[in-house]
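Undergrad: Sequence first, predicted coordinates after that:
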Amino acid sequence: MKPFLLFSVLLATMQLQAQSAPDIEAAKKLLAKESEYFYQRNFEAWADCYVQDERVRWACIEKGDVVLEAYGWDKLGPFVGDYLKANPEPVPMKLRRENFQFQPYGKALWATFDEYQTLDGQTKALRGVRILEEDKGQWKIIYMNSYPMP
């Protein structure tokens, strides 16, 4: 009986991993596109990466105690849209992300990673946290947080 139980647990675990692998790849693509669209100054494409209702949360903590945050799409959309209009030139930012960790929760996916942003030869190291929610078969960001690595 024990070998059968062990086999059943291993099979269920393999099925869970197989089912979540495409979701994780889709989530990585979404996260890359969201950043790409932001630095390209493409508001419409960037906005399509997000849940657009009152539940969305967005916060960036910068060195020097600067905190940028917006809660709800009615605040986040105009906040980022106005910023991109005021700064319309694309930014040639190079991003590298590593140490991804993903944790699925039903129709949500928790993602953490280390991010290295390089602009004009200067690299900034950040920690990223994203929570994605599945909406009509597509992942959308519902929570975004970014802060400097210690």
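TA: Yep, it's here.

Undergrad: Export the longest strand along the chain to PDB, keeping only CA atoms.
TA: In the chain, with assignment by DSSP state E, the single longest strand is strand 122-135. The C-alpha trace of strand 122-135 is given here as PDB (Å, rounded to 0.1, in the frame of the first residue of the first chain):
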ATOM      1  CA  GLN A 122      24.900  52.400 -14.000                       C
ATOM      2  CA  THR A 123      23.200  49.400 -12.500                       C
ATOM      3  CA  LYS A 124      20.500  49.500  -9.900                       C
ATOM      4  CA  ALA A 125      19.600  46.300  -8.000                       C
ATOM      5  CA  LEU A 126      16.000  45.800  -6.900                       C
ATOM      6  CA  ARG A 127      13.800  43.200  -5.500                       C
ATOM      7  CA  GLY A 128      10.500  42.600  -7.200                       C
ATOM      8  CA  VAL A 129       7.200  41.200  -6.000                       C
ATOM      9  CA  ARG A 130       4.300  40.700  -8.300                       C
ATOM     10  CA  ILE A 131       0.900  39.000  -7.700                       C
ATOM     11  CA  LEU A 132      -0.800  38.000 -10.900                       C
ATOM     12  CA  GLU A 133      -4.400  37.000 -11.400                       C
ATOM     13  CA  GLU A 134      -5.800  35.000 -14.200                       C
ATOM     14  CA  ASP A 135      -8.500  36.800 -16.100                       C
END
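
Undergrad: For burial, what's the neighbour tally of L95?
TA: Using other Cβ atoms under 10 Å, L95 is surrounded by 15 other residues. C-beta coordinates here come from the backbone N, C-alpha and C atoms, glycine included.

Undergrad: correct me, but it touches E34?
TA: No: counting by Cβ atoms under 8 Å, L95 stays clear of E34, with 10.6 Å between them.

Undergrad: Any stretches of the protein with poor pLDDT?
TA: 1-19 (pLDDT under 70).

Undergrad: what about the helices in it?
TA: Secondary structure of the chain (DSSP state H): helices at 2-40, 43-47, 73-86.

Undergrad: on contacts alone, who are the packing partners of the second one?
TA: The elements that helix 43-47 packs onto, with contact taken as 3 or more Cβ pairs under 8 Å, 6 or more residues apart in numbering; DSSP states H and E, are helix 2-40, helix 73-86.
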